[in-house]
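Student: Can you look at this prediction? I've put the sequence above it.
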Amino acid sequence: MSALPVIDLKDASSFPSRRVEAWKYSDLRKYLREAPAPSPSAAISITGGGPFEALGGEAMVFVNGRAVGASAFMGSGRQTVRLRFLSRATDTGHAATARISARAGAKLLILETHEGRGSAYVAHNRLELDVARDAEVTRIVLTDEPEDAISITQAEVRVEAGGRYRQTIATTGAKLQRLETEVRHPGQGADVRVDGLYVLSDARQADLTSVVDHVGADGATSQLTKGVVRDTARGVFQGKIIVERGADGTDARMGHHALILGERAEVDAKPELVIYADDVQCAHGNTIGNLDPAALFYLQQRGIPLNEARAVLTEAFLVEVVDRIEDEGAREVVREWLTARL
C-alpha cells in the first residue's frame, strides 16, 4: 500500500533526501549519511509501565528494536494494548515492527509511547494495523525523545467496511522526528479521524505526515492538527487526502493551525486534496500566526503574569485536539502530558 519511500537502517541508499517530494522538509540524508551501528540489547533495563500504565491492558514492549515478548497482537471484544517503543542507546540505530489487528466488531484502544532514554540514537519504528469490518480502533501516541535523536515512525493502517479508526499523536519532537501515517480507506461507511499536536522548543523538529486514500464510496475522514513552535524549532505538517475514481459520497475535512512564538521558529505546512470523483464534500484549511495580543493584555490586566498568560492561551489553542479523544482515561493522560510541557 505504501506510496512513501521504504527505509532500511542497514542501507544508507534508502535514506530519503529533500529531493524526494514527501521528505522535502525533513532531509534524513542530511543528518544520516551512513548506516548507524546496531543498538545493543537492553531488555533487562525496563522499568515502570510507561505513561499509560494506570489504564492497564496488555503490554507490547520493544527495547532498542527488540520485542520483549510478543511482537503481534490480535484484539477481539473490548481490549486495551499498551505499545511501548523504548530507546536505550547512544550513537547507534535500531528498528522494530509491531503488528496489531482488530477482529470484526472489536473495540481496541492502542496506547502507544516512544520513550527515549539514551542520546543521539536513530530509531525506526513501524506499525502494521488492520481494522476489520465494523471494528473500532483508537490509537493514541505520546512521544518523548531527546533533542539529539533521529526518530522515524511509520504506521500503515488498513480499514475495512464499516470500520472506525481514531488517531491522536502528541509530540515534542527531536533533532529530526517524523511521524507518518498511511490509511487505506474503503468507504462503505468507514469513518477515519487522524489528529495531531506538536509542542516544539529549542532546535527540535517534528514532521507529521499523513496520507488517507479513499478507494471506495461513502466514507468519511476528519483531520485536525495543531502545533506551537518556539526558539528555533521547526514544525512540519503534510496531510494528503486522496479520493479515487468511484469514491463518490466521500466526506473529507482537514485542518492545520499553528502558532509561531519565536522570531526564528518555523512551520512548513502542505495540506493537499487530490480528488478524482465528482460527488464529494471535501475541504481543507491552514492558518499560521501568533497569540492574540488583546487576549494577552486581558489576562495580564487580571493579574496573570505574562508567561503564565501565554501558557494559558497556548493550552486553550491546543486542547481542542485533546478534547476530540473519546476515551476519557486516555484523554486525561494526554491533557496532563500537554499541561506539563507548557
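Tutor: It's in. The structure presented is a predicted model; accordingly, all values stated were derived computationally and were not measured.
Student: residue contacts, Thr250?
Tutor: 187, 214, 217-221, 243, 277, 280-282 (C-beta atoms under 8 Å, 6 or more residues apart in numbering). All C-beta atoms are positioned from the backbone trio N, CA, C, and that covers glycine.
Student: Can you check the pLDDT for it?
Tutor: pLDDT for Thr250: 98.
Student: for Ser2, same thing?
Tutor: 51.
Student: swap in Ile140?
Tutor: 98.
Student: that older thread, looking at the contacts of Thr250, which one is closest to Ile304?
Tutor: Closest approach between the contacts of Thr250 and Ile304, by C-beta to C-beta: Thr221, at 38.6 Å.
Student: That closest one: which element?
Tutor: strand 220-229 (DSSP states H and E).
Student: Over to Lys240?
Tutor: Residue-wise, Lys240 maps onto strand 234-243 under DSSP H and E.
Student: try Arg84
Tutor: Residue-wise, Arg84 maps onto strand 78-87 under DSSP H and E.
Student: ditto for Val274
Tutor: strand 266-275.
Student: The strand holding Thr221 packs against which elements?
Tutor: For strand 220-229, the packing partners by 3 or more C-beta pairs under 8 Å, 6 or more residues apart in numbering; DSSP states H and E come out as strand 191-200, strand 205-214, strand 234-243, strand 251-260, strand 266-275, helix 306-323.
Student: Of the ones you listed, which is nearest Met60?
Tutor: Nearest of these (C-beta to C-beta): strand 191-200, 21.6 Å.
Student: the inter-axis angle of the closest one versus strand 266-275?
Tutor: Orientation check (axes from the mean of the first three to the mean of the last three C-alpha atoms, to 10 degrees): strand 191-200 against strand 266-275 gives 170 degrees.
Student: Could you list everything Asp251 pairs with in the sheet?
Tutor: Ala220, Gln281 (DSSP bridges).
Student: Quick one: neighbours of it, just the number.
Tutor: 15 (other C-beta atoms under 10 Å).
Student: Same check on Gln167?
Tutor: 24.
Student: can you check Gly162 too?
Tutor: Counted with other C-beta under 10 Å, Gly162 comes out at 18.
Student: now it: how far from Leu200?
Tutor: According to C-beta to C-beta, to the nearest Å, Gly162 and Leu200 sit 37 Å apart.
Student: How about Thr138, nearest residue that isn't a chain neighbour?
Tutor: Arg166 (4.3 Å; C-beta to C-beta, 6 or more residues apart in numbering).
Student: which SS class is that neighbour?
Tutor: Secondary structure for Arg166, judged by DSSP: H, G, I helix; E, B strand; the rest coil, is strand.
Student: Can you give me every residue that contacts it?
Tutor: 136-139, 193, 325-326.
Student: same thing but at 7 Å, please
Tutor: Shown in contact with Arg166 (C-beta atoms under 7 Å, 6 or more residues apart in numbering): 138, 193, 326.
Student: Quickly run through the sheet partners of the helix or strand harbouring Leu109, with directions.
Tutor: Assessed by DSSP H and E, Leu109 sits inside strand 107-116. Applying DSSP bridges, strand 107-116 is found paired with strand 78-87 (parallel), strand 136-144 (parallel).
Student: could I have it exported to CSV, CA atoms only?
Tutor: What follows is strand 107-116, C-alpha atoms only, in CSV (Å, rounded to 0.1, in the frame of the first residue of the first chain):
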residue,chain,number,x,y,z
LYS,A,107,-13.2,-2.2,20.1
LEU,A,108,-9.5,-1.8,20.6
LEU,A,109,-7.6,1.0,22.4
ILE,A,110,-3.9,1.3,21.4
LEU,A,111,-1.9,3.4,23.8
GLU,A,112,1.5,4.0,22.1
THR,A,113,4.5,5.6,23.6
HIS,A,114,8.0,6.4,22.2
GLU,A,115,10.3,6.7,25.2
GLY,A,116,13.9,7.9,24.6
